[in-house]
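*Asks:* coords please:
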Amino acid sequence: MPSLDVIRAATAKLHDGPPLVAVFTATTGIGPYTAKELAKAFASSGSKLRVYIVGRNAERAEALCKDGRQLSPGSDWQYVPAKNLALINEVDDICAEIRRREERAPFQGGPARVDLLYMSHCWPVLKKREDTSEGLDTFLSTTYYSRIRFIMQLEPLLTASPSAHVISIYAGNFEDPIKPGQQPIGLPPPEEYGVGGVRKYTSFMKVFMFETLAEKHAGHISFTYVYPGLVDGPAFYVESNTPLWFRWLWPVIKVVLGWYMTSAEDCGQVMLFLATPTFPAQGTASESGNQQVARSTKGEVGGGSYATGHRAEWKEKGTSFEKHRQPDTAKKVWDHTMEVIDRVVAGRDTGAPRVPMDILIQAGGPVELGAGYSARGTLRTWAKKQMTTSGPISRGTLEEQYNHSHALPYGRADLITVSSASVEARDARR
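*Replies:* Numbering: from 1, shown residues only. All right, here's what the predicted structure looks like:
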């Protein structure tokens with residue numbers, strides 16, 4: 001585990017390198033903590049730093065940009081407005097805007113690029129489950145799907161960097177128990193859904209996805225998945241984010257767990273450390289002097305894909321999810337991820353109605369699974385029976401029951417019949 005002295009010494013050298021363009025996907029919490037530490041690192045070299053702050057709250061974003069300019073005089077801080085980062089289409093629009101700004105005014109005479117991408121946007125973990133208008137679970141989308149989409153859409157800018165770093169902040173070193181033969185890919189089933197279930201599925205998919213991306217972008221982009229620790233922040237006090245009982249209890253929890261909690265400054269320093277040569281792109285590692293190089297989730301020194309804890313510690317031996325690795329696991333994760341994103345994008349402009357599934361069932365109409373996607377026949381019969389015995393069921397439950405392994409393109413009004421063994425689709429475009 002690197003000491004804080006080692007971490008601070010490494011981050012202090014960032015300004016010695018080439019100019020940096022950074023993107024942060026939050027206006028509160030760990031993202032801003034990291035952005036401020038980045039500004040401090042460039043206090044004497046502000047002209048070498050450009051930062052994009054992506055988020056919903058314009059007031060907080062502008063305040064952060066103002067702080068950044070004061071901490072690193074001469075630096076360029078820009079706000080990119082967002083409404084809902086759980087939406088794939090919203091991510092596409094934001095990335096297009098960043099690309100447009102970079103291409104219009106490349107930083108410091110270099111190519112249009114992004115050197116650092118920090119993703120910390122997340123659905124409040126204690127908030128009630130919701131689906132997005134695109135048919136994805138909001139929690140899982142913010143921790144996984146929309147973050148992968150950010151990487152995909154910013155790929156041209158990331159590969160233009162001489163040494164890009166992608167950092168996803170959530171539960172990096174967690175490996176929750178997995179049943180024999182189980183591969184946590186997709187949406188957790190109802191009996192597993194919750195903070196732990198989403199964490200397990202997110203971590204499993206992200207580790208293998210990052211390994212694939214690290215290999216694809218060997219020599220260019222480093223990918224790190226990190227657990228930031230327990231860090232106090234405004235999100236714990238926002239009424240819309242947490243139930244009343246938690247807001248009352250949190251001050252007590254802070255006192256009890258004070259020894260374990262990470263300060264905002266230390267957290268920001270650790271997150272910034274992940275953008276140093278300790279975490280290089282695959283095939284670019286070079287250990288010299290006191291410069292230690294991290295081991296990847298595949299157990300390779302400088303392997304390009306990393307999973308760390310709140311002090312940037314990594315596994316010294318073995319691989320992540322060692323007992324659950326199969327030769328085709330990474331391919332399964334990749335195929336699933338691309339399939340989910342592709343079907344959302346395919347339904348972008350269909351103009352299909354988005355009516356809550358339970359209303360459609362009660363009305364005896366087709367059951368909507370996503371944009372332009374409907375289901376009839378025995379699937380509707382099953383759903384109506386479930387509602388009679390168990391009450392309302394969510395679209396996610398229905399998809400998990402019958403469509404988890406049979407994802408079909410959104411943007412089509414397919415008729416679906418469900419048998420005990422398979423899902424068959426008959427094209428019935430209207």
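
*Asks:* chain center to stretch 151-171: distance?
*Replies:* For stretch 151-171, the distance from its own C-alpha centre to the chain's C-alpha centre is 12 Å (CA atoms, centre = their mean, to the nearest Å).

*Asks:* tell me which residues in it are buried?
*Replies:* 151-155, 157-161, 163-171 (16 or more other CB atoms under 10 Å). Bear in mind the C-beta positions are built from the backbone N, C-alpha and C, glycine included.

*Asks:* In strands, which of the residues you listed fall?
*Replies:* Among these, the members found in strands (DSSP state E) are 164-169.

*Asks:* Spell out the residue ranges of the helices in the stretch 51-200 of the chain.
*Replies:* For the stretch 51-200 of the chain, applying DSSP state H, counting those that start in this stretch gives helices covering 58-71, 88-104, 138-140, 146-159, 195-216.

*Asks:* Tabulate those helices in CSV, adding columns for distance to residue 224 and mean pLDDT.
*Replies:* Listed next are the helices of the stretch 51-200 of the chain as CSV, based on distance: least, CB to CB, whole Å; pLDDT from 0 to 100:
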stretch, distance to residue 224, mean pLDDT
helix 58-71, 22, 96
helix 88-104, 20, 96
helix 138-140, 20, 94
helix 146-159, 12, 97
helix 195-216, 8, 96
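
*Asks:* looking at these, which is buried most?
*Replies:* Burial of the helices of the stretch 51-200 of the chain is given as mean neighbour count (mean count of other CB atoms under 10 Å); helix 138-140 ranks first at a mean of 25.

*Asks:* sorry, back to before: need the helices of the stretch 51-200 of the chain in JSON lines with distance to residue 17, can you?
*Replies:* JSON lines is the format used below for the helices of the stretch 51-200 of the chain (distance: least, CB to CB, whole Å):
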{"stretch": "helix 58-71", "distance to residue 17": "18"}
{"stretch": "helix 88-104", "distance to residue 17": "19"}
{"stretch": "helix 138-140", "distance to residue 17": "35"}
{"stretch": "helix 146-159", "distance to residue 17": "16"}
{"stretch": "helix 195-216", "distance to residue 17": "21"}
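
*Asks:* Could you pull out the strands in this protein for me?
*Replies:* Going by DSSP E, the chain shows strands at 20-24, 49-55, 76-81, 116-119, 164-169, 221-226, 305-308, 367-370, 373-375, 415-418, 423-426.

*Asks:* Which strands border the fourth one, and is each parallel or antiparallel?
*Replies:* On the basis of DSSP bridges, the sheet neighbours of strand 116-119 come out as strand 20-24 (parallel), strand 164-169 (parallel).

*Asks:* Turn those strands into a markdown table, including mean pLDDT and distance to residue 74.
*Replies:* Converted to a markdown table, the strands paired with strand 116-119 look like this (pLDDT from 0 to 100; distance: least, CB to CB, whole Å):
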| stretch | mean pLDDT | distance to residue 74 |
| --- | --- | --- |
| strand 20-24 | 98 | 13 |
| strand 164-169 | 98 | 23 |
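
*Asks:* Kindly present those strands as TSV, with separate columns for distance to residue 38.
*Replies:* Output for these, formatted as TSV (distance: least, CB to CB, whole Å):
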stretch	distance to residue 38
strand 20-24	6
strand 164-169	12
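
*Asks:* the helices in the stretch 201-350 of the chain, which residues?
*Replies:* Under DSSP H, counting those that start in this stretch, the stretch 201-350 of the chain gives helices at 244-256, 264-273, 329-346.

*Asks:* All set, thanks.
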